[in-house]
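Colleague: just the structure for this:
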Amino acid sequence: MNYHRPRVIATINAVIITLVSLAFNLAFTFLFQPGANLPVRILYLLVTTGLIFLCSWLVCRFTLERFIYSKIRLIYKSIHKVKAPKEKAPVLMKEGNILEKVGQEVEKWGTETVQEISKLKQLETYRKEFLGNVAHELRNPIFTIQGYILTLLDGGIDDQEIRYEYLRRTEKNVERLIAIVEDLDAITHLEAGELKLNPIRFDIVSLTREVLDSFEVKARKKEVSFTLNEQSHAIMVKGDRERIHQVMTNLIDNAIRYRGMENPTVKIAFFDMDEHILIEVTDNGIGIGIQDIPRIFERFYRTDKGRAASKKGKGLGLAIVKHLIEAHSQTIHVRSTIGVGTTIGFTLEKAL
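Modeller: The predicted structure follows:
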């Protein structure tokens with residue numbers, strides 16, 4: 001039995017009051033009314049006892065509920081004031097199930113608060129990491145530019161060869177800063193849902209060849225070979241061709257950057273998945289640890305090995321790729337093994 005419910009408390013109090021009243025009634029009936037008949041005495045006792053119990057129960061129940069309701073209502077309104085939007089007024093509960101409702105509300109509110117605090121802690125950690133990463137990515141080109149300028153001001157500007165070389169290097173670092181800012185702006189628009197797609201029917205194989213051609217010089221310099229598993233016919237998909245071109249560019253550039261040391265290879269494969277086409281980009285590079293895989297799509301996130309392998313990566317390419325694929329209502333996945341390589345695959349809607 002729950003001894004904290006108003007109904008139970010009222011019943012117990014009514015029983016106690018009734019028993020005390022019954023004792024007085026018995027004394028009064030048998031001591032002060034000795035001449036009365038026994039049936040009359042019993043009927044009198046039953047009627048008075050029932051009336052006393054009913055009145056006591058109603059008074060106790062009403063008093064307790066009014067008292068508890070007046071106190072609990074403040075808690076209930078406070079919870080709703082925190083949880084509900086400002087324009088939405090809290091709906092007061094009925095008096096019949098006050099404690100049950102408030103208990104449920106408090107428990108639910110407590111669970112939601114714990115979850116919200118946990119989420120805020122995660123966001124705070126992510127914010128600190130993000131700011132640290134932004135500072136790290138911007139610091140290098142800014143300090144490099146500063147070094148070149150100071151060298152020129154200290155007399156290097158008088159040497160034509162030094163002047164040209166340092167200005168050329170400064171221009172490259174300025175381009176890097178601009179690329180970082182543009183990528184951050186793109187991600188901001190993607191996360192805000194402001195990206196407008198222009199879906200058309202196009203050949204994903206032809207697009208991939210275009211991207212590979214653009215990396216021909218870089219691949220030759222890095223001694224990277226490309227493998228395309230679809231050479232004979234076109235594969236038509238539906239999507240924003242320009243955005244998918246950006247996706248393929250980022251993935252292939254990422255694969256070249258983290259290539260293997262021996263016979264570096266980047267393989268692009270296409271798979272028919274009924275209503276979708278699966279595109280996978282595979283390298284035979286350093287690989288990604290299982291603990292890092294869930295985070296590789298975060299802005300500026302790079303594994304320790306990734307930082308050691310590439311000093312020029314901005315850490316934004318995969319974040320942009322993920323947002324672009326999700327903007328197409330498609331999926332992206334990663335599988336990787338340390339020392340073996342990494343495969344990043346995404347789907348596109350098949351075009352009839």
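
Colleague: how many residues are close by residue 254?
Modeller: Neighbour count for residue 254, taken as other Cβ atoms under 10 Å: 23. (Glycine included, C-beta is placed from N, CA and C.)

Colleague: tell me the buried residues in the strand or helix carrying it?
Modeller: Using DSSP states H and E, residue 254 falls within helix 241-257. By neighbour count with 16 or more other Cβ atoms under 10 Å, helix 241-257 contains the buried residues 241, 243-257.

Colleague: next SSE after that helix?
Modeller: strand 265-273.

Colleague: ok, that next one: who's next to it in the sheet?
Modeller: Strand pairing for strand 265-273, determined by DSSP bridges: strand 225-228 (parallel), strand 276-283 (antiparallel).

Colleague: save the ones you listed as TSV, and put in distance to residue 209, mean neighbour count and mean pLDDT too.
Modeller: Converted to TSV, the strands paired with strand 265-273 look like this (distance: least, Cβ to Cβ, whole Å; neighbours: other Cβ atoms under 10 Å; pLDDT from 0 to 100):
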stretch	distance to residue 209	mean neighbour count	mean pLDDT
strand 225-228	7	14	90
strand 276-283	13	21	93
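
Colleague: nearest to residue 150, out of the ones you listed?
Modeller: When the strands paired with strand 265-273 are compared by Cβ to Cβ, strand 276-283 sits nearest residue 150, at 39.2 Å.

Colleague: residues making contact with stretch 203-220?
Modeller: Contacts with stretch 203-220, where a contact means Cβ atoms under 8 Å, 6 or more residues apart in numbering, come from 224-226, 228, 230, 233-237, 241, 244-245, 248-249, 252-253, 256, 266, 268, 270, 277, 279, 348.

Colleague: hmm, 7 Å instead?
Modeller: Residues from elsewhere that reach stretch 203-220 (Cβ atoms under 7 Å, 6 or more residues apart in numbering): 226, 228, 230, 234-237, 241, 244-245, 248-249, 252, 256, 268, 270, 277, 279, 348.

Colleague: give me the spatial nearest neighbour of residue 352, chain neighbours excluded.
Modeller: In this structure, residue 352 finds its nearest non-sequential neighbour in residue 236, 7.8 Å apart by Cβ to Cβ, 6 or more residues apart in numbering.

Colleague: and the strands in the protein?
Modeller: Along the chain, counting by DSSP state E, strands occupy 199-203, 225-228, 236-240, 265-273, 276-283, 332-337, 341-350.

Colleague: of all those, which one is nearest residue 293?
Modeller: Of the strands of the chain, nearest to residue 293 by Cβ to Cβ is strand 332-337, at 5.5 Å.

Colleague: and that closest one, which strands flank it?
Modeller: Sheet pairing for strand 332-337, using DSSP bridges, gives strand 341-350 (antiparallel).

Colleague: the inter-axis angle of the partner strand versus strand 199-203?
Modeller: Angle between the axes of strand 341-350 and strand 199-203 is 120 degrees (criterion: axes from the mean of the first three to the mean of the last three Cα atoms, to 10 degrees).

Colleague: restricting to C-alpha, output strand 341-350 in CSV.
Modeller: The C-alpha coordinates for strand 341-350 follow below in CSV (Å, rounded to 0.1, in the frame of the first residue of the first chain):
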residue,chain,number,x,y,z
GLY,A,341,43.9,1.2,-46.6
THR,A,342,40.6,3.0,-46.5
THR,A,343,37.4,2.8,-48.5
ILE,A,344,34.8,5.6,-48.5
GLY,A,345,31.6,4.9,-50.3
PHE,A,346,28.5,6.8,-51.0
THR,A,347,25.2,6.2,-52.8
LEU,A,348,23.4,8.1,-55.5
GLU,A,349,19.9,7.7,-56.9
LYS,A,350,19.9,5.7,-60.1
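
Colleague: got the angle between that strand and strand 236-240?
Modeller: Using the same axes, to 10 degrees: strand 341-350 against strand 236-240 is 90 degrees.

Colleague: can you name the residues in contact with strand 341-350?
Modeller: 204, 237-239, 244, 251, 260, 273, 275-285, 287-288, 325, 328, 330-336.

Colleague: cool, and stretch 323-336?
Modeller: 187, 190-191, 195, 197, 239, 243, 246-247, 287-288, 293, 296, 321-322, 342-348.

Colleague: quick check: beta-bridge partners of residue 277?
Modeller: Beta bridges link residue 277 to residue 272, residue 348, judged by DSSP bridges.

Colleague: what's the local residue count around the nearest residue in space to residue 340 that is not next to it in sequence?
Modeller: Distances taken as Cβ to Cβ, 6+ apart put residue 287 closest to residue 340, at 5.6 Å, once the chain neighbours are dropped. Applying other Cβ under 10 Å, we find 19 residues neighbouring residue 287.
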